[in-house]
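Asker: Output the structure for:
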Amino acid sequence: MIDVHTPAQSPISDYFRSVDSAPAEYAVDRPAAAANGFLITFAGLSVLAMCLRTWLVHAEYLIRPADLIFFASDRGDVAVPTRLFIVIFFVTYAFYAYSNVWRRVFLGVALLWKFAVFCVFADFVGWALDHLELVSIPVLGLQAASGLMALGVFPHTILKQAQLPDRGPPPLNPKTPPAAYFTLFACLTVACLGAVAAMQIFFGAVVTMRAWALLGGIGPGVFLVQQIFAVTTALFGWRMLRRSRRAEFAPPVAVLVPAHNEAHDIAATIASVDRAARTYTGRIHLYIVDNASTDDTAVVARQAISECTAITGELLDCPKPGKAIALNLGIQRITEDFVVRIDADTVIGPGCLQTAMRHFANPRVGSVGGMPMPAEEKTWIDKVRLVEVLMRHGFFQVSLDGYQGVLGVPGMFAIYRQSALRKVGGMVEGMNGEDTDICIRLTAAGFHTLADPKAIYYSETPLSYAHLREQRVRWFRSIYHITAHNRSTLLDRRSMTGTFVLPFQLVNAARRAMLAPLLLFALIAQVGFQAIFTGMRWEPVLATVLGMPLIMTVFICLLLRPSALKYVPAYLCFRVLRSYFTLAAALSLVYPPLHPGVPGRVRAFLRPVREYSRTRRGGTAVVPAETASG
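Answerer: Below is the predicted model:
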């Protein structure tokens, strides 16, 4: 008899590295030196720029405000030289982008001229309004506007110039109901009015909170609006989920598990499915897809299947590596109406399947996910992951449920309607983020996605810092891959995710990439150049990390799991590390090279380059509808 507890295993480093880590055509597995070099260069340029600024002011060539503001010398000083920070960030990013020198120059110019045009225009409008005595826009307002603009310029330029997946098929039939838009705008209105009222009624408390760095950044009102909006929409989401769970629905399902070098824990995954089947009245058939494993995954899986008592199962072989490839192979073989996708390092809770499947009683539901709790609470990674899951999946995903704005659910555990999968064509291959991509395409076909925190499952957390870095860089890179592949959905007013959620996620990715450099920039300015930046205070900068994030984290932990409160300080530090990984993800994108003397039509030049690269390395592929149907 085979001992499933002592299988032949691959090295730990192989548990998380695969062809999916950095798809060859659209990403490069850059070492940590790239992001570290970025921060060092960024710090050096910041010191140089501030020294030059100090000399110009002392030489009386410049007067305050001490930022790149035009026509606004009499409308207040600056707290943080935001525009100077953005310019240095853009220059440093272009310098470290993965391409040749000509592309880097072209990228830097594109970032800077877009930003400069907006700044000059905004400053001119501010000067004109002030000159006509209509309204006086303070310097802080101009800085906030230019900061928000930079958060749009960064992803816009990346999507234009990086080598990303081709545009997928157009949306089939996106139809977010009017009630969802009404909920969105009603909650946003309540949040704005609530923030204004709080600022007026509790002005003294707001002043105190700002002094203790609990409110700040670009303005306390912005933080209040964001959090009040999230709370109100979460109430709608929780109400909707409770009503949806009441249905009794337990059809036959197929459980699909792609497995690459998972001999160390796939037996636990299979056993958890067998346990879940004892509380699920429908039939369950398990499909394990051995995806080019070099260890005893197939042997362990076959033995574990034979020991199951409540389910049937079979082992499929997929010699070509790639999780999406393995999933599509499994989808071709499945005959059941619903596909439960589970990662081979995931253990589902006893009632997870039963809870999630009830939502499919609504024929418009195309996919459902749950809450990925960490399997243990031993390492610091486990502990910060717990708080992160409570915030992301226990609160913010429920908030998105409130107005049908769930962009995607993690592929660790996700259920799809098979007919919907056939309609959109299966999983996209050769890029990161195939789990979110399929949900976006299901939404574009007229279905919607739910995330239910009551459907609890337990997933492996990274075993080391290297594992954590690889995982997060891959996750954060995926926002650019899925946006490029779903360009037709972006800003499509018929789709909530295309109109509101996907653009917000792009802006949020830019904000997160800039957070660690911003803290470094503020530290340099505060410690070394306080004399020139006299209006600068540490509270607004620190409030970016603390502030409302701290208040909301404490609130959610108290609501969902009070024992997690002791991990909140580590989680707040982890948010900075997460910013570092987001920056590393942006640096891992591939930019096609440019050469001197290129004609003006850059796109015409890039087309054969991309076609050649795709031919040489293999490109993105979506399973045709007739193939996915099996």
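Asker: Select the longest strand from this protein.
Answerer: Scanning the chain for the strand with the most residues, using DSSP state E, yields strand 448-459.
Asker: Find the helix or strand that Gly108 is a member of.
Answerer: In the assignment (DSSP states H and E), Gly108 maps to helix 101-131.
Asker: Tell me the buried residues in that helix?
Answerer: 103-104, 106-108, 110-112, 114-115, 118-119, 122-123, 126-127, 130 (16 or more other Cβ atoms under 10 Å). Backbone N, C-alpha and C define where each C-beta goes, glycine included.
Asker: before we move on, back to that, buried residues in the longest strand of the chain?
Answerer: For strand 448-459, burial by neighbour count (16+ other Cβ under 10 Å) applies to 448-453, 455-459.
Asker: Neighbouring strands of that strand in the sheet, and parallel or not?
Answerer: strand 346-348 (antiparallel), strand 365-374 (parallel) (DSSP bridges).
Asker: Enumerate the positions of the next helix or strand after it that are buried.
Answerer: Using DSSP H and E, the helix or strand that follows strand 448-459 in sequence is helix 465-485. Across helix 465-485, burial judged by 16+ other Cβ under 10 Å covers 467-485.
Asker: Tell me which stretches of the stretch 251-400 of the chain form strands.
Answerer: Residue ranges of the strands in the stretch 251-400 of the chain, as given by DSSP state E, counting those that start in this stretch, are 253-259, 284-291, 312-318, 338-342, 346-348, 365-374.
Asker: which stretch among those strands comes nearest Lys383?
Answerer: Evaluated over the strands of the stretch 251-400 of the chain, closeness to Lys383 peaks at strand 365-374, with 8.2 Å, by Cβ to Cβ.
Asker: Now do the closest one against strand 338-342: the angle between them, please.
Answerer: Going by axes from the mean of the first three to the mean of the last three Cα atoms, to 10 degrees, strand 365-374 is angled at 20 degrees with respect to strand 338-342.
Asker: Average pLDDT for strand 365-374, rounded please.
Answerer: On average, the pLDDT along strand 365-374 is 96.
Asker: Check this protein and tell me which residue is nearest its centre.
Answerer: Most central in the chain under Cα atoms, centre = their mean is Phe476, positioned 5.3 Å from the mean C-alpha point.
Asker: mind checking how far it is from Leu589?
Answerer: As judged by Cβ to Cβ, to the nearest Å, Phe476 and Leu589 stand 11 Å apart.
Asker: give me the low-pLDDT residue ranges for the chain?
Answerer: 1-18, 60-66, 71-79, 202-223, 533-545, 547, 597-630 (pLDDT under 70).
Asker: quick one, phi psi at the closest residue to Pro170 other than its chain neighbours?
Answerer: Leaving aside its sequence neighbours, Pro170 sits nearest to Ser488 (Cβ to Cβ, 6 or more residues apart in numbering; 4.6 Å). For Ser488, the backbone dihedrals (degrees, to the nearest 10) come out as phi -70, psi -30.
Asker: so how far is Gly168 from Ser488?
Answerer: With distances taken as Cβ to Cβ, Ser488 is found 7 Å from Gly168.
Asker: Of the two, which one has the most company?
Answerer: Using other Cβ atoms under 10 Å, the more surrounded residue of Ser488 and Gly168 is Gly168, with 22 against 16.
Asker: I figured that one was touching Asn486, is that so?
Answerer: Yes: Gly168 is within contact range of Asn486, at 6.0 Å (criterion: Cβ atoms under 8 Å).
Asker: what sits in contact with each of these two?
Answerer: Arg441 (Cβ atoms under 8 Å, 6 or more residues apart in numbering).
Asker: burial count for Lys566?
Answerer: Residues lying near Lys566 (other Cβ under 10 Å) number 11.
Asker: typed the wrong thing, it's Leu315
Answerer: By other Cβ under 10 Å, 17 other residues sit near Leu315.
Asker: quick one: secondary structure of Val568?
Answerer: Using DSSP: H, G, I helix; E, B strand; the rest coil, the structure places Val568 in helix.
Asker: Spit out the contact partners of the residue nearest to it when sequence neighbours are not counted.
Answerer: Computed as Cβ to Cβ, 6+ apart, the closest residue to Val568 that is not its neighbour in sequence is Thr553, at 5.4 Å. Taking Cβ under 8 Å, 6+ apart, we find Thr553 in contact with 387, 391, 568, 571-572.
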